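J.: sequence unknown, structure follows:
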């Protein structure tokens, strides 16, 4: 198989994987902020770190 | 909310758009043209693998900017988009430029959609054999049809029909389903005939660098966030739904683009009738029409499906972009950054007809005189610049105004994501020169003309908005000293505590003092009533002046603002202050969220100068001062302040180094010797002390609370207050638990200072 195809598939998988990760992470964050009625950036960052 | 600064009456749009509607608005804007014009050209330039990677990587890059938009839109859910964000982050000039770029980008995107409509409808009629009798070249016919369809939608906008979210959402859903069907047919065809996968060889026939070119000119296909941001006033639960809509829309669009690109590549087999060369070369040879030709061969009625989709997609996007461009130029006129006639409303149609007229001029002239790919490239460059502004704004707003805003979403990996977006977008913009040299002339000329218009007109005439800081009273002393100290005073008690210490520091530094009082006026109160809140501040400033004025020149300023911290930071930047002196009232308020309070924390974080915070420091000089030793610029600065505050005859300064058993002790003497060379320190006052203890913090606290000292001076942590609040902080804990007069100092030097002064 052409080396470019292998590289291309890796780039595709990584880029699309990151895209999915960001969507899911962001969705979780939005829900968390909404559920816990967080508003200030300090509270949100504290909560996100605690959630790790 | 649209507020008139001169009245208390406010109007609000009804919130009727839900998550589905706003997501579809974004999808509709993105699918408007990019996929139809872009695929054929991307295949021609980057090959079969290149087109898939182009849309995937552009999707990821678009996601970076979408996260910036999502964060800002959740925190500032008002109509206005990039123009509004830039105004909040950087003030009038940059916001004018953002609005100016957005006006052009949206107008030119309108030209792209008009041309897309023309190319695909003419192609459809040509395939049916209905155009053979026409004596004109196809190129000119495309221009004529583009101008006609643009004219129709300009008229529709003049009549007052705007992009209606609910109806538009259904049309967009239809387009997306059609594209999904094309993609699924492609997958079905490959399952039936896997040999078509050979169409992907060679995968990148012209090399990987071509990706940067194709990513650049198809970037216009990822510009739907702006329309979602504009819908903030009309969306149900905008803090939650606007960021979600931005992220979902880009995911839907990227997945659709990847699927249809895949379907296009495998649409024909090598050696099929009429297919010359490799399939990717054959599709690429049709340029803008490549996608249509591919789908025509992929499925029965393919040309009909594509044409129908293009008609819906390009016309709804054309309508939305003309509406959006008109709205931006109207806003610039309303805020008097452009001449007032831009905000004139037609008495009959109730539409901003002058703004629409000038928008139409751009749409029609670009569609008529520029070749299609130059038009698409010009729109892409301008959107790249616009997104550049948004990515910088998200950094600035989170760093400087986070405490004033209520966030509904925060992005991960901040600030790396917006920084990466800025760098990659700049790279794509540069590489677009390979696709369209003309676009690289048009875009800078537009930006340069915007800067000229702002300097000649906008700067002088722009109206003050609710967010801006206004000087209410100012008494200036003649500037006779180089070193400038600023002292914000809030109330008379606080003022008296501060002035004694200020006196000592200003005498030692031979400085000029400026007393500042920020009149914090609630959001609900109009500017005209700000002066009612001045009384307490005036009293405090008068008391401080009585004490200080006989001793050295003083300037006093009273300013109105919505947030004291931002007002103080802006004042230090504006006045080029060298040292900011703050008084900590010591109230037990909001301890969980702040170290020293909601005003002092952001000021210490963001002030572009050295900062000293005094807590309970009522004496004028101190006999024994403890300085827990941490090294670095804060350490030197702490020693300097200690030298100033110490009693000259009997005072002693004790730099304290606490180390854990087995750890190497740092030599304070060496540090002091070095510090004396760069600062004016009285070396004889210093008596270093070394302690070995398991718990460093407890050892420092016990030492500080012992009867040996009457003042404790600590260098601030190098990390931001938010980070300290989360991770815990040595100075914070010491400030809370120490029962002695306490001073925290922060030195801002080197690169950090330079960056803060510039941005």
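T.: Received the coordinates, thanks. Here the structure is a predicted model, which is why all the values come from computation and not from measurement. Numbers count the residues shown, from 1 in each chain, chains lettered A, B, ... in the order given.
J.: show me the contacts for the single nearest residue of the stretch 251-400 of chain B relative to chain A.
T.: Nearest to chain A in the stretch 251-400 of chain B, going by CB to the nearest CB, is residue B:251, at a distance of 5.3 Å. Backbone N, C-alpha and C define where each C-beta goes, glycine included. By CB atoms under 8 Å, 6 or more residues apart in numbering or on different chains, the contact list for residue B:251 reads A:19, A:20, A:23, B:59.
J.: Does anything pack onto the helix or strand where the second one lies? Which helices or strands?
T.: So the one you mean is residue A:20. Using DSSP states H and E, residue A:20 sits within helix A:3-35. Counting contacts by 3 or more CB pairs under 8 Å, 6 or more residues apart in numbering or on different chains; DSSP states H and E, helix A:3-35 is packed against helix A:41-51, helix B:34-75, helix B:238-265.
J.: which of those helices sits most buried?
T.: helix B:34-75 (a mean of 28; mean count of other CB atoms under 10 Å in any protein chain shown).
J.: Any idea how many residues pack against residue B:503?
T.: The number of residues packed near residue B:503 is 16, by other CB atoms under 10 Å in any protein chain shown.
J.: and the gap between it and chain A?
T.: For residue B:503, the distance to chain A (CB to the nearest CB, to the nearest Å) stands at 35 Å.
J.: Any quick ChimeraX command for the buried ones out of the contacts of residue B:251?
T.: A single ChimeraX command suffices to select whichever of the contacts of residue B:251 are buried according to 16 or more other CB atoms under 10 Å in any protein chain shown:
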select /A:19,23 /B:59
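J.: ok, the contacts of residue B:251 vs residue B:616, which is closest?
T.: Set against residue B:616, the nearest of those by CB to CB is residue A:23 (50.4 Å).
J.: With residue B:347 as the reference, measure out to the closest one.
T.: Distance of residue A:23 to residue B:347, given as CB to CB, to the nearest Å: 47 Å.
J.: do residue B:542 as well
T.: 53 Å.
J.: try residue B:295
T.: For residue B:295 relative to residue B:347 (CB to CB), the value is 48 Å.
J.: Give me the more crowded residue out of these two.
T.: Taking neighbours as other CB under 10 Å, residue B:295 and residue B:347 compare with residue B:295 leading, 27 against 7.
J.: quick one on the thing from earlier: can you pull the buried residues of the helix holding residue A:20?
T.: Residues of helix A:3-35 classed as buried by neighbour count (16+ other CB under 10 Å): A:4-5, A:8, A:11-12, A:15-16, A:19, A:22-23, A:25-26, A:29-30, A:33.
J.: ditto for stretch B:120-135
T.: Residues of stretch B:120-135 classed as buried: B:120, B:121, B:122, B:123, B:124, B:125, B:126 (neighbour count, 16+ other CB under 10 Å).
J.: Restricted to helices, list these.
T.: Judged by DSSP state H, the buried residues of stretch B:120-135 include B:120, B:121, B:122, B:123, B:124, B:125, B:126 as members of helices.
J.: picking that back up, and of the buried residues of stretch B:120-135, the nearest to chain A?
T.: residue B:120 (28.1 Å).
J.: And the residue nearest the centre of chain B?
T.: Most central in chain B under CA atoms, centre = their mean is residue B:393, positioned 2.1 Å from the mean C-alpha point.
J.: and what of chain A?
T.: Centre-most residue of chain A, counting by CA atoms, centre = their mean: residue A:22, 2.7 Å.
J.: What score does that one have for pLDDT?
T.: On pLDDT, residue A:22 comes in at 95.
J.: quick one: it and residue B:413 touch, right?
T.: No - look at residue A:22 against residue B:413 with CB atoms under 8 Å: they stay out of range, at 9.3 Å.
J.: which stretches of the stretch 501-650 of chain B form helices?
T.: In the stretch 501-650 of chain B, the helices defined using DSSP state H, counting those that start in this stretch lie at B:535-548, B:564-574, B:600-606, B:632-645.
J.: With respect to chain A, which of the ones you listed lies nearest?
T.: Comparing these by CB to the nearest CB, helix B:600-606 comes nearest, at 9.0 Å.
J.: The closest one close to chain A?
T.: No - for helix B:600-606 and chain A, the contact criterion (CB under 8 Å from any CB of the partner chain) is not met; the two come no nearer than 9.0 Å.
J.: That concludes my questions; thank you for your assistance.
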